[in-house]
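Enquirer: just coords:
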């Protein structure tokens, strides 16, 4: 990694970032490929800044992304496989949490995949319920108090 930058996504970067997240999702969470690429109508929330999306870039290469909804729920946090375990997810999370706190969040929720559960636990999120399954997708609801 030569030149790590974390910044808000520009409107034209929203769809490529969501496509990037979908690729990582299929690789680690749903390798059977039985998932859609999400609701494209929600792209507008990120393009207009109503919801926040941060990108991690190595030079001009997208290597990670994190986004939230309503300044209280983390929707996505993905890092390219070749860049994992280098502190990028933590840097993205730190940036996202700080922005959400600045917007008045007292706690942050998320639904963790089995793959990401150890990361979120180390970060300080705690489960609020047992592991669940919805539409064939396993997840653990979690919370982080600010």
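Expert: Okay, I see it. In this text, all values refer to a predicted model and were calculated from it rather than measured experimentally.
Enquirer: so how far is residue 119 from residue 96?
Expert: 13 Å (Cβ to Cβ, to the nearest Å). C-beta: built from backbone N, CA, C; applies to glycine.
Enquirer: no no, residue 69
Expert: Taken as Cβ to Cβ, the span from residue 69 to residue 119 is 20 Å.
Enquirer: The residue nearest to residue 13 when sequence neighbours are not counted is in what secondary structure piece?
Expert: In space, and not counting its chain neighbours, residue 13 is closest to residue 55: 6.4 Å by Cβ to Cβ, 6 or more residues apart in numbering. Element membership for residue 55 (DSSP states H and E) is strand 53-58.
Enquirer: so what secondary structure elements neighbour that strand?
Expert: Under the contact criterion of 3 or more Cβ pairs under 8 Å, 6 or more residues apart in numbering; DSSP states H and E, strand 53-58 touches strand 4-8, helix 14-28, strand 61-69, helix 88-102.
Enquirer: now the angle between strand 4-8 and that strand, please.
Expert: Orientation of strand 53-58 against strand 4-8 (axes from the mean of the first three to the mean of the last three Cα atoms, to 10 degrees) gives an angle of 160 degrees.
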